[in-house]
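[1] Below is the sequence, then the predicted model.
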Amino acid sequence: MAIYDGLFDSLGLRDWCDAEASDGPMSMADLLAKTAGDNGDSAGTPLHDLPFPSLDALNDACAAIPQSRDLTSGLETGFLGIRDALRFVVDPLTQPLSWALENMLWLMTETPWWAMMPILLLITWAVARSWKVVGFVALVVAGLAFVDHYEVAMQTLAIIFVCAFICVLIGVPIGIAMSRSDRLQGVLTPVLDMLQTLPPFVYLIPLIFLFSVTEPKLYGIAVILYAIVPVVRLTNLGIRLVDPDVIEAADAFGMTKSQKLFGVQIPLALPNIMAGVNQTIMMSLAMVVIASMVSAPGLGILVLRGIRNLELGVGLVAGLGIVVLAIALDRVTKASLARIDASQASR
């Protein structure tokens, strides 16, 4: 008898357990235990050897209790059962993401380097307004091109640009809505906590079953879900931290809610919002590297190749490329944030 047989006997559930017992062949473990004359008596089991009453341990004493594998297989069966209906709804909604990623990848890889590099530097200047940052970005891009990593670097940047833009486009309105409703904040906070604490690989598991690995939306959705949390949280925080006296003065001038939002709250919360954008970009880059496991192009492919083929040099060079690219993006967004802070301080 199993260790927890006495528990079910004392509860009067033995008939229920035996009714669910399988009439199939005896397992090898049971056969060996029977041959050895082991009766599994819990009275003779030392306390330190007593197993935790898990599903598998309880199943040994009562066949009506499902095993752990029954739980996992049930989840898989349930997900596969709704997959087609879920795809019917999600596919049309996410198809623009695939188009945006495909077009941006084509644009940044097919544009000649002598045209794309000046464009990137002009964008850097427009955002940062710092010649030091522009020079650093030029050095990073030129260094990646010098080691023949230009194309994969442009692929990584293309994915980051699209996914970070969508994160800001969706995340800022959600953060604004959270700042205006305590109830909505209470509902969304656990969702944001879950998205922020889930390991990056977990995002890929349901998406692999839902979409084909040839569809860019597979890794695009994973990047967006992983990276959207900071911009939502910091937008909400920034608007809530606006000085109540300023809001009171706006009310005294007769401003409407929209005028207060766009004329007072968002400008004052802009440093926090930009800090959220910075973190979103950094997390997008981290997820793009992991998403290379599901065919996301870019520098992550080379890192994965170095791991799979034990090519130390390939992995280290690609990893260093990701580091300098992350530093460049961080410098650009922080320079923009510093410019916003300086302009607000001068008012």
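    Noted; the coordinates are in hand.
[2] dump the residue contacts of the nearest residue to Leu86 once chain neighbours are set aside.
    Residue nearest to Leu86 in three dimensions, not counting chain neighbours: Leu210, with 6.5 Å by CB to CB, 6 or more residues apart in numbering. Every residue, glycine included, has its C-beta placed from N, CA and C. Residues near Leu210 by CB atoms under 8 Å, 6 or more residues apart in numbering: 83, 86-87, 90.
[3] can you rerun that using 10 Å?
    Neighbour list for Leu210: 79, 83, 86-87, 90-91, 94, 217-218, 221 [criterion: CB atoms under 10 Å, 6 or more residues apart in numbering].
[4] Go through those and say which is closest to Asp243.
    Closest approach to Asp243 among the contacts of Leu210 (CB to CB): Ile221, at 38.0 Å.
[5] The closest one: neighbour count?
    24 (other CB atoms under 10 Å).
[6] Show me what counts as buried in the helix or strand harbouring Ala158.
    If you go by DSSP states H and E, Ala158 is part of helix 150-180. Buried residues in helix 150-180, counted by 16 or more other CB atoms under 10 Å: 150-164, 166-168, 171-172, 174-176, 178-179.
[7] What is the subsequent helix or strand relative to it?
    As assigned by DSSP H and E, the chain's next helix or strand after helix 150-180 is helix 182-197.
[8] how does the protein divide up, domain by domain?
    5-66, 75-345 (automatic domain parsing).
[9] Please tabulate the ones you listed in JSON lines, including the columns mean pLDDT.
    What follows is these, written out as JSON lines (pLDDT from 0 to 100):
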{"stretch": "domain 5-66", "mean pLDDT": "66"}
{"stretch": "domain 75-345", "mean pLDDT": "92"}
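[10] Kindly compare burial across those and name the winner.
    Stretch with highest mean neighbour count among those: domain 75-345 (a mean of 17; mean count of other CB atoms under 10 Å).
[11] ok, Phe79 - contacts?
    Going by CB under 10 Å, 6+ apart, Phe79 touches 86, 205-206, 209-210.
[12] farthest pair in those?
    Leu86 and Ile205 (14.3 Å).
[13] Format the contacts of Phe79 as JSON lines; extra columns: distance to Gly276 and secondary structure.
    Compiled in JSON lines, the contacts of Phe79 are given as follows (distance: CB to CB, whole Å; DSSP: H, G, I helix; E, B strand; the rest coil):
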{"residue": "Leu86", "distance to Gly276": "30", "secondary structure": "helix"}
{"residue": "Ile205", "distance to Gly276": "27", "secondary structure": "helix"}
{"residue": "Pro206", "distance to Gly276": "26", "secondary structure": "helix"}
{"residue": "Phe209", "distance to Gly276": "31", "secondary structure": "helix"}
{"residue": "Leu210", "distance to Gly276": "28", "secondary structure": "helix"}
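[14] Return the closest of those with respect to Ile119.
    Set against Ile119, the nearest of these by CB to CB is Leu210 (35.1 Å).
[15] So which of the contacts of Leu210 is the closest to Leu316?
    Nearest to Leu316 among the contacts of Leu210, with distances taken as CB to CB, is Leu218, at 27.7 Å.
[16] ok, then the element right after the strand or helix carrying that closest one?
    In this assignment (DSSP H and E), Leu218 forms part of helix 217-227. Counting by DSSP H and E, the next helix or strand C-terminal to helix 217-227 is helix 229-240.
[17] tilt between that next one and helix 182-197?
    Comparing the axes of helix 229-240 and helix 182-197 via axes from the mean of the first three to the mean of the last three CA atoms, to 10 degrees yields an angle of 150 degrees.
[18] where's the following helix or strand past helix 229-240 relative to the chain centroid, distance-wise?
    Next along the chain after helix 229-240, taking DSSP H and E as the criterion, comes helix 244-252. Put simply, helix 244-252 sits 38 Å off its chain's centre (CA atoms, centre = their mean, to the nearest Å).
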